[in-house]
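Asker: This is the structure alone, sequence omitted:
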């Protein structure tokens, strides 16, 4: 009896292994090298921005993290070929390690890279922060961008359009129609989003979306993702549509007006609501694992327990690994 009790307690409290089984594995973490053409900098942000501006360029800060699969893919896909030529012609690029200890001078204050990333609100890697010659933010791009999606952002900054309009408006004006909005069986919310009795996910698309087809094919139709979507009310907005809609807060508008009010400059973007209040937003293209877990975080109301999505992800990863399951960060 004592032996059985001891074994049961061990199974309950063991954090490093599964009783009677092996610990799960992490797949998809990728090492990467930063391009040699990135600028070597003393990390005085104002000086770097002024130097770039003096040459008719903008400063781009590339926030990254070791073994980040999104960083590796962004560098391989979107910082190569024609995009590389465009970047090197119009931008000075400086890297920032969001867990780094190098000293950064920002606004006259000395801080570490980690502190700097927190100060400018970086939540995802990669994040691109574009600055004008006065070190004022022109645009923040959070998360992975495919080559066409990044190219639109690069041109937006190069053209100085950030002084006149949001990126979404610029992309809609200058990008060709390339996507026909696709139906999905789990897009189940009606036109009155305030009537949702479950947590609500609002997906924003339009016909210029460079990555919507990929999201539908590689994420939205996967069984494990659909399992979580069915726990939510899911609405898809056409960011150009004049169709009437009622927002989660009960305000009457059109789909286009509500999409604009969300401030998402990337398509496909997504915002989760609960009780009319925003819970989480997705501002870049996620892999299947992170998209599924974002839906699970909202559907299960895990914000109440963990506070942030990042804290939830850390706990969830350990839960899955301890149960012997695979955590796959791959983007495919």
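Answerer: Yes, it's here. Only a predicted model underlies this, so the values are computations on that prediction, with no experimental measurement involved. Residues are numbered from 1 along each chain as shown.

Asker: residue ranges of the helices in the stretch 151-300 of the chain, please?
Answerer: Secondary structure of the stretch 151-300 of the chain by DSSP state H, counting those that start in this stretch: the helices cover 167-174, 212-215, 223-229, 255-262, 288-299.

Asker: Okay, and residue 38 sits in which element?
Answerer: Per DSSP states H and E: residue 38 is located in neither a helix nor a strand.

Asker: whoops, residue 116 was the one
Answerer: Using DSSP H and E, residue 116 maps to helix 113-119.

Asker: From the contact counts, what lies against that helix?
Answerer: Applying 3 or more Cβ pairs under 8 Å, 6 or more residues apart in numbering; DSSP states H and E, one finds that helix 113-119 makes contact with strand 91-97, strand 103-106. Glycine gets a C-beta too; all of them are placed from N, C-alpha and C.

Asker: Same list (these) but as TSV, adding mean pLDDT and mean neighbour count.
Answerer: As requested, the helices and strands packed on helix 113-119 are exported to TSV (pLDDT from 0 to 100; neighbours: other Cβ atoms under 10 Å):
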stretch	mean pLDDT	mean neighbour count
strand 91-97	98	21
strand 103-106	98	17
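
Asker: Could you give me the buried positions within stretch 32-47?
Answerer: The neighbour-count check on stretch 32-47 (16 or more other Cβ atoms under 10 Å) flags 32, 38, 41, 43, 44, 45, 46 as buried.

Asker: ok so, going back, now tabulate the helices of the stretch 151-300 of the chain in JSON lines and tack on mean pLDDT and mean neighbour count.
Answerer: As requested, the helices of the stretch 151-300 of the chain are exported to JSON lines (pLDDT from 0 to 100; neighbours: other Cβ under 10 Å):
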{"stretch": "helix 167-174", "mean pLDDT": "89", "mean neighbour count": "18"}
{"stretch": "helix 212-215", "mean pLDDT": "93", "mean neighbour count": "18"}
{"stretch": "helix 223-229", "mean pLDDT": "98", "mean neighbour count": "16"}
{"stretch": "helix 255-262", "mean pLDDT": "96", "mean neighbour count": "19"}
{"stretch": "helix 288-299", "mean pLDDT": "97", "mean neighbour count": "22"}
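
Asker: and the angle from the following helix or strand past the helix holding residue 116 to strand 91-97?
Answerer: With elements assigned by DSSP H and E, the helix or strand that comes after helix 113-119 is strand 127-131. Here the directions of strand 127-131 and strand 91-97 differ by 130 degrees (axes from the mean of the first three to the mean of the last three Cα atoms, to 10 degrees).
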